[in-house]
Every structure is written in structure tokens, then in C-alpha cells.
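Asks: Need coordinates for the following:
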Amino acid sequence: MTQPTPPEDRSRLVDTVLAAQRFFLEGATKSEIAVELGISRFKVARILDEALREGIVRIEIDAIPEVDEVLSHELAVAMGIRSAVVVRAGYGQASFQRSQLGRTCANVLASTLVEADVLGISWGRTLHSMVGFLPSLPGCAVVQLVGSVPTLELAVNSVELVRRVAECSAGPVYPLHVPLIVESPETATALRAEPYVRRTIEMFPLVTRAIVGIGAWIPGGSTVRAALSKADAAALDAAGAVADCCSIVLDRDGNQVRAAGMPERCIALGVEGLRLVPDVVGVSAGVSKVEPIRATLRSGLVHRLVTTEETARLLLVS
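Replies: Next up is the predicted model:
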């Protein structure tokens, strides 16, 4: 049986909420709040600090990303792709840049999707950031293109990402409740035959639009690499891997790398399947992603790119 909240805790919570509302929403001073609650100004300050620390109050800075139209066109022409969206995300922390890219991706989706589309989603932290900015979308189907990736954050995973996008579209969702990489090709074949997996895989040829992340084939830069043993990762290193896109491992020239039983051990949309998708948007940024992005664009798997100004300029000069 759930224990009732002690009266003193309820009183403290009420004081905290009232103080936070008066200070953050109504502009009251700490001295005014102290008089109203019958406590000292210093205790009000402590209550407000605790409200922030405990998550009762959350502050967000909702900066609207700016797009450099000239640089976007220049990058698209230089890279030989249909279009690019270059975001002036500054040179701040990676989390801020991901937020800016995520917001831009949400705008791209909202302005291009129609109800007849079948939207494929791969995986990436920027894509996960995107869902926080998504408005209501046309009621299209949403398909998970890669199996679950390993992460320590339970709320940040490929299944949750697809579920949240589908909530915005109110359309049918096709998840992949299996790992991205399994121990052997035989295990992967057996799992693909399971009805709940086959149902999603059968949607792959119907995908009309896809948004995919691009990983750097370095420690900490790729969830595909992180899912492999050190020996398997080293085998792919030796074979020339520099990037992964939608679980497809690529070399500098954009060719698929085959080693350590890959790609047969993956449960995901394969390279030929991704080539059949009419419109694929790649999302990636950062100094470590310049070579991986270039390799992915050389592969021809991605038709459009969303990135930052810093990354775009490095792509143009390197």
C-alpha cells in the first residue's frame, strides 16, 4: 500500500510551487514572496534553488535556428545532392547544436510530409532531439528502419524515437522490437522471420521518405560500432570503415564495408533497400563527422543534408 505523504512534505511542496509560480511566472521579488509565505527571504532563495535542482521548475531557452540560404545552396552544388539546409548553430556545446538541428529537421518534416507518405526513421541523438519540436504531422505510417541500439538512457532509443514520431502523425507505427546487431547471420535470419518483425520489414519497400543519422566510425561516434565486440570493430577498421548510415558501414569512397559478419548480422534496412527510398535526408554535424558525411554523400544513399555552418564550411574546404 502506498504510504500517504506526510503533512510537512505536502506543506513544503505547496510552498515551493507557490514561490516558483510567483517568482518565475508572475515576477514577484523574493522579499514579496517571503512576506506572503511568512518565511525569510533567504529561505525563499533556497526553495527556488531546490525547485530548479529537483526539476519542479524547468527552464528552456528556445532559440530559433537560422538557415544560411547561400551556404546551403553552395554546399548542395559542391556535394552533388538535391538540397542542403545549413543551420547557423554557432560553436557551442554539442547538445545545443543537436537541438538546433533537431528543430530544423522537424521543420523539414512538417513542410514536406503528406498523408500518403511512409516515413522511415533510423537512429541518432539529433533525430531524438527532433521529436521535441515536431508539430502535428499528416497521418502517415512511420517505420523503424533499424533494430534497437544499445544506450544507457532508457528514454533515448530507436523504438521510443519511432513511437514519439508516430504520436505526432497519429498514423500506424511499425517498430522493430529486436536488436540492431545479433551474434550471427543465422540468428538474424531467424528473427527476421518472426511475424512481429516481418510485419515491419515488409514495409521497407514502401518507404517514400526517410530521415537518417550519420555516425563517425570512431569510439563514441557510432552506436553500430559500440554494439560490436572490440575484435569485430577492429576487423571493420582494418577493412576501411569511416562511417555508418542506417547501420550500413561505409568506407571513404562510400562503398559498403563487409567484415565480421556484417551486414548479415544486422536487422535493418539494407543498402539496396535504402537506395530504393525516393527521398532520404541525412542529419549530422561536428568536426568528427566531416569525413563520415562526405563518405555517406559519395555513397549516393542520401539525397539531402541538414548540418551546421561549421560542418558545411569544413566539407567545402577539406
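Asks: those helices in the protein, which residues are they?
Replies: For the chain, the helices defined by DSSP state H occupy 7-20, 30-37, 41-53, 69-79, 94-112, 125-130, 158-169, 185-192, 195-201, 223-226, 230-238, 271-275, 290-299, 309-317.
Asks: Mind putting the ones you listed into CSV with mean pLDDT?
Replies: CSV is the format used below for the helices of the chain (pLDDT from 0 to 100):
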stretch, mean pLDDT
helix 7-20, 77
helix 30-37, 89
helix 41-53, 88
helix 69-79, 96
helix 94-112, 87
helix 125-130, 86
helix 158-169, 85
helix 185-192, 96
helix 195-201, 96
helix 223-226, 88
helix 230-238, 96
helix 271-275, 97
helix 290-299, 97
helix 309-317, 95
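Asks: Can you say which of these is nearest to residue 253?
Replies: Proximity to residue 253, assessed across those by CB to CB, is greatest for helix 290-299 (5.9 Å). From N, CA and C alone the C-beta is placed, and that goes for glycine too.
Asks: Which strands or helices does the closest one pack on?
Replies: Counting contacts by 3 or more CB pairs under 8 Å, 6 or more residues apart in numbering; DSSP states H and E, helix 290-299 packs against strand 209-216, strand 243-245, strand 248-250, strand 279-283, strand 304-308, helix 309-317.
Asks: With respect to burial, which of these scores highest?
Replies: For the helices and strands packed on helix 290-299, the largest average neighbour count (mean count of other CB atoms under 10 Å) is found in strand 243-245, namely a mean of 29.
Asks: residues of stretch 266-284 that come out buried?
Replies: By 16 or more other CB atoms under 10 Å, the buried positions in stretch 266-284 come out as 266-271, 273-274, 277, 280-284.
Asks: of all the residues you listed, which comes closest to residue 211?
Replies: Among these, residue 281 lies closest to residue 211 (CB to CB), at 4.9 Å.
Asks: neighbours around the nearest residue to residue 258 once chain neighbours are set aside, how many?
Replies: Among residues not flanking residue 258 along the chain, residue 239 sits closest, at 7.2 Å (CB to CB, 6 or more residues apart in numbering). Residue 239: 14 surrounding residues under other CB atoms under 10 Å.
Asks: Now for residue 239: which residues touch it?
Replies: 251, 257, 258, 259 (CB atoms under 8 Å, 6 or more residues apart in numbering).
Asks: Which of those has the largest number of neighbours?
Replies: Using other CB under 10 Å as the neighbour test, the contacts of residue 239 are led by residue 257, with 22 neighbours.
Asks: so who does residue 124 touch?
Replies: By CB under 8 Å, 6+ apart, the contact set of residue 124 is 212, 213, 214, 215, 283, 284.
Asks: gap between the last one and residue 132?
Replies: In this case it means residue 284. 18 Å (CB to CB, to the nearest Å).
Asks: And for the closest residue to residue 215 other than its chain neighbours, the neighbour number?
Replies: In space, and not counting its chain neighbours, residue 215 is closest to residue 222: 3.6 Å by CB to CB, 6+ apart. Using other CB under 10 Å, residue 222 is surrounded by 25 other residues.
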